[in-house]
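**Student:** sequence first, then the predicted structure:
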Amino acid sequence: MTKRIKFLVFLASAFLLASCGSKKNVVAGGNPMLEKQPSLVDVVQAVNSKRVTEPCISAKMNLSISTSKNSARVGGSLRMKRDDVIQISLVALGFMEVGRLELTPDYMMMVDRMNHQYVKCDYDEVNFFREAGIDFFTFQSLFWNELFVLNSKGEAPGSNSYSLQSDASDVKLVNSQNDNVALTFVLNAANQLVSETRFSRAYSDNPVVKWQYSEWTKVGEKDFPGIMKVSFDINNDNVEALFRISSVKPDSSWETRTEINTNRYAEVSLDAAFRKIMSLAK
C-alpha cells in the first residue's frame, strides 16, 4: 500500500477528531420558503418532517480527502443504525478493508487495518468536542442530514432553539445556546432540507467546520444526501472530505460492533494517532 492510501486512512480519522442507487429527487416549481416571509415554527416543523425514518441503512461510498499538499481517494461503505452506531468502512482495490471508523454513544474508534493499530476513546478526550458538547448524536444528525442542537440525544429540536434569518436566496436557522459554539443551518428552500451546517466559535461568523449536502436520493419516502462535503482546518491547512454516497437502502443485516483482536492489533493513544496523521499529511 502506498503512503497516499495511509494518508487517507489517517486523515479520515482526523476528520472525526477535528471537526446513487436510486434516482435523484428533483423538485419542480418555486421556492416555497421564499415566496412569503416564513414562520420560524413552520420552517422548523417542515425540516423536521423530512427526517429519514428508516432505523437502519447501508450505502456504497466513495471518499476523497484533500489538503493543500496531498490528496487521496478510496471506496467503501456507510452503515448507520439510529441511536446506536455509525460505521464507515474504507476499502482499497475494490475488496480490501484498510480502515474503519466506528461511532457509538459510548466511544469513537478508528481502526488501521494496514498497520494493525486502533484508537478507541471518549468524545470528551477531544478538546473541541468537549468544549462544544459534540457527541455521537451530533454526528448522527450530521450524517442523517438533520436539524439538531448540541446535547439533545438525537431528539428533533423545537422552534424555540433557533432564530430565523432569511433573504432573497437563503433561509437560515441559527442556534447559539452553547457559549462555546454557534450552529447555523442553511436550508434548501426548494426541498426544505438542510443544505449546509456550520460550526462557528461563539460570537464569530467564521465557521470552524462546514458540512454541505446536495444530490439527494430517495430512501423509502424520504430524501438522503448523495453528496456530503466536509471542510475544516488543521494547523492552518484546509482539509476537504467529499463523500459520494449511492445505493442507499434500508438494511439491518450487518454487525453493529467491530471486534478487535488485541493479540493482532495494538491500541495507540489519541495523541500518537494525531501526530501520525500530521506526519502523513505533509
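**Tutor:** Arrived safely.

**Student:** and the helices in the stretch 101-250 of the chain?
**Tutor:** 127-132, 136-144 (DSSP state H, counting those that start in this stretch).

**Student:** in the first one, what counts as buried?
**Tutor:** In other words, helix 127-132. In terms of neighbour count (16 or more other C-beta atoms under 10 Å), helix 127-132 has its buried residues at 128-129, 132. Where C-beta positions appear, they are placed from N, C-alpha and C, glycine not excepted.

**Student:** now do stretch 208-222
**Tutor:** 208-213, 216-217, 219, 222.

**Student:** output these as JSON lines; include the columns distance to residue 72.
**Tutor:** Output for the buried residues of stretch 208-222, formatted as JSON lines (distance: C-beta to C-beta, whole Å):
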{"residue": "208", "distance to residue 72": "23"}
{"residue": "209", "distance to residue 72": "20"}
{"residue": "210", "distance to residue 72": "21"}
{"residue": "211", "distance to residue 72": "20"}
{"residue": "212", "distance to residue 72": "20"}
{"residue": "213", "distance to residue 72": "23"}
{"residue": "216", "distance to residue 72": "26"}
{"residue": "217", "distance to residue 72": "25"}
{"residue": "219", "distance to residue 72": "28"}
{"residue": "222", "distance to residue 72": "32"}
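
**Student:** filter these down to the ones in strands?
**Tutor:** Using DSSP state E, the subset of the buried residues of stretch 208-222 located in strands is 208-213, 216-217, 219, 222.

**Student:** among the helices of the stretch 101-250 of the chain, which comes closest to residue 55?
**Tutor:** helix 136-144 (11.2 Å; C-beta to C-beta).

**Student:** between the ones in strands among the buried residues of stretch 208-222, which is nearest residue 46?
**Tutor:** Using C-beta to C-beta, those come closest to residue 46 at residue 222, 13.3 Å.

**Student:** surely the closest one and residue 52 touch.
**Tutor:** Yes: using C-beta atoms under 8 Å, residue 222 is in contact with residue 52, at 4.4 Å.

**Student:** out of everything not next to it in sequence, what's closest to residue 98?
**Tutor:** Once flanking residues are discounted, residue 98 sits nearest to residue 92: 4.8 Å by C-beta to C-beta, 6 or more residues apart in numbering.

**Student:** for that neighbour, give its distance to residue 116.
**Tutor:** Counting by C-beta to C-beta, to the nearest Å, the gap from residue 92 to residue 116 is 16 Å.

**Student:** by mean pLDDT, show me the worst of the helices of the stretch 101-250 of the chain.
**Tutor:** Note on these: helix 127-132 shows the lowest mean pLDDT, a mean of 82.

**Student:** pairing partners for the host helix or strand of residue 72, with directions?
**Tutor:** Using DSSP states H and E, residue 72 falls within strand 71-81. Next to strand 71-81 in the sheet, as set by DSSP bridges, lie strand 56-66 (antiparallel), strand 85-92 (antiparallel).

**Student:** any chance of CSV for those strands, columns mean neighbour count and distance to residue 110?
**Tutor:** Shown next, in CSV, are the strands paired with strand 71-81 (neighbours: other C-beta atoms under 10 Å; distance: least, C-beta to C-beta, whole Å):
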stretch, mean neighbour count, distance to residue 110
strand 56-66, 19, 14
strand 85-92, 21, 10
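
**Student:** any idea which of those gets closest to residue 123?
**Tutor:** strand 85-92 (12.7 Å).

**Student:** so what touches the closest one?
**Tutor:** 1, 5, 8-9, 12, 61, 63, 74-80, 97-104, 136, 139-140, 143, 254, 256-258 (C-beta atoms under 8 Å, 6 or more residues apart in numbering).

**Student:** helix or strand right after the worst-scoring helix or strand of the chain on mean pLDDT?
**Tutor:** Least confident helix or strand of the chain, by mean pLDDT, DSSP states H and E, is helix 3-18 with a mean of 49. Next in sequence after helix 3-18, counting helices and strands by DSSP H and E, comes helix 40-48.

**Student:** just the CA trace of that next one, in CSV.
**Tutor:** Extracted in CSV, the C-alpha atoms of helix 40-48 (Å, rounded to 0.1, in the frame of the first residue of the first chain):
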residue,chain,number,x,y,z
LEU,A,40,-40.0,30.1,12.4
VAL,A,41,-42.4,27.4,13.7
ASP,A,42,-43.4,26.4,10.2
VAL,A,43,-39.8,26.2,8.9
VAL,A,44,-38.6,24.0,11.8
GLN,A,45,-41.6,21.7,11.5
ALA,A,46,-41.1,21.4,7.7
VAL,A,47,-37.4,20.4,8.0
ASN,A,48,-38.1,18.0,10.9
